[in-house]
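Peer 1: coordinates only, sequence not included:
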């Protein structure tokens, strides 16, 4: 294969691009800072650093929301700028394989296809692949076997629960719920119980450092926010117990959705899942002891992995490079959607 191959996973929070020739994964915040409404002022991590801090003239946006493209033109420009900056050599004639959520419409899938196919990069080919299948391949699982595999991908805006067998999806459920909702729960809980207003970045930091699926985390951290009573900024020490109380209902909601999918799973596939366990991936799956909570509620072993947010892009390049998996990707070139 002479041309370079890129695996692209456009998440709500992060954009992951796997470049086959360099064998590197570029992981950058999927954020754009716009000046004068349409001029790209910054993008990626530098734009995210401006979030909640920018003046009125600079508008920080997330071009992908709940798994679908919300700002096509600016996202297309940002991807091109990003690849030109970080990738050596020409992008023309490259092959792209893009992960798409399962439960989105054909029109929304076509938008992911057009994002690359109709770009200035003039790619040789653009293929799409359903995210749960790429996830499973990235985990090193053989999805072509007649064996039931359950993958739970907990992202920033969505959680996708899927049962895979024979290279296809048997069941899939996309919940409009993920790490961002968990952050919002922490913000609400701290404001209600401690009269302290904190930003989303602070809530995210609390989730990452103190968050736990089961009670008992005694770690603490100093949090800075605005006192509701005085209106002045103050410091306050927060413990793991506070974060647990704030997020436990959210985590149990994901568990209940997993149980609902398991109830609908055909018995023979359910037998395979009990034998092999449930695989959890996605950036928000890194909450401490989340696997223990899921195992307690479902009664099934939970498999975690290193770098869970990068499973999808690793799987994408494997799918496009390995003839055994090539049939899992599809093109939308011939589809005309009215």
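Peer 2: Thanks, I have it. Since the structure is predicted, the reported quantities are computational estimates derived from the model, not experimental observations. Residues are numbered from 1 along each chain as shown.
Peer 1: Kindly tell me how buried residue 4 is, as a neighbour count.
Peer 2: Residues near residue 4, counting by other C-beta atoms under 10 Å, number 19. Placement of C-beta: from N, CA and C, glycine included.
Peer 1: Now do the same contact list for it.
Peer 2: 19, 20, 21, 87, 89, 91, 94, 95 (C-beta atoms under 8 Å, 6 or more residues apart in numbering).
Peer 1: from those residues, which would you call buried?
Peer 2: Neighbour counting by 16 or more other C-beta atoms under 10 Å classes 19, 20, 87, 91, 94, 95 among those as buried.
Peer 1: quick one, what contacts the third one?
Peer 2: This points to residue 87. Here residue 87 is in contact with 4, 19, 22 (C-beta under 8 Å, 6+ apart).
Peer 1: wait, which of those residues is closest to residue 252?
Peer 2: residue 19 (39.0 Å; C-beta to C-beta).
Peer 1: how far away is that closest one from residue 120?
Peer 2: Counting by C-beta to C-beta, to the nearest Å, the gap from residue 19 to residue 120 is 18 Å.
Peer 1: Could you do residue 89 as well?
Peer 2: Taking C-beta to C-beta, one finds residue 89 at 16 Å from residue 120.
Peer 1: Would you mind giving both backbone torsions of the residue most central in space within the chain?
Peer 2: Per C-alpha atoms, centre = their mean, the C-alpha nearest to the average position across the chain is that of residue 155, at 3.5 Å. When read as degrees, to the nearest 10, the backbone of residue 155 gives phi -100, psi -160.
Peer 1: Can you name the residues that contact it?
Peer 2: 11, 12, 13, 67, 178, 179, 282, 283, 284.
Peer 1: how much space is there between the last one and residue 98?
Peer 2: The reference is to residue 284. Relative to residue 98, and taking C-beta to C-beta, residue 284 is found at 21 Å.
Peer 1: likewise the fourth one?
Peer 2: Using C-beta to C-beta, we find residue 67 at a distance of 13 Å from residue 98.
Peer 1: Phi, psi for the closest residue in space to residue 20 that isn't next to it in sequence please.
Peer 2: Distances taken as C-beta to C-beta, 6 or more residues apart in numbering place residue 5 nearest to residue 20, at 4.1 Å, with adjacent residues excluded. Dihedral pair for residue 5: phi -120, psi 130, per degrees, to the nearest 10.
Peer 1: what's around residue 5, how many residues?
Peer 2: 20.
Peer 1: Can you show me the helices along the stretch 1-150 of the chain?
Peer 2: Here the stretch 1-150 of the chain has its helices, by DSSP state H, counting those that start in this stretch, at 45-48, 72-86, 106-117, 131-138.
Peer 1: No further queries at this time; thank you.
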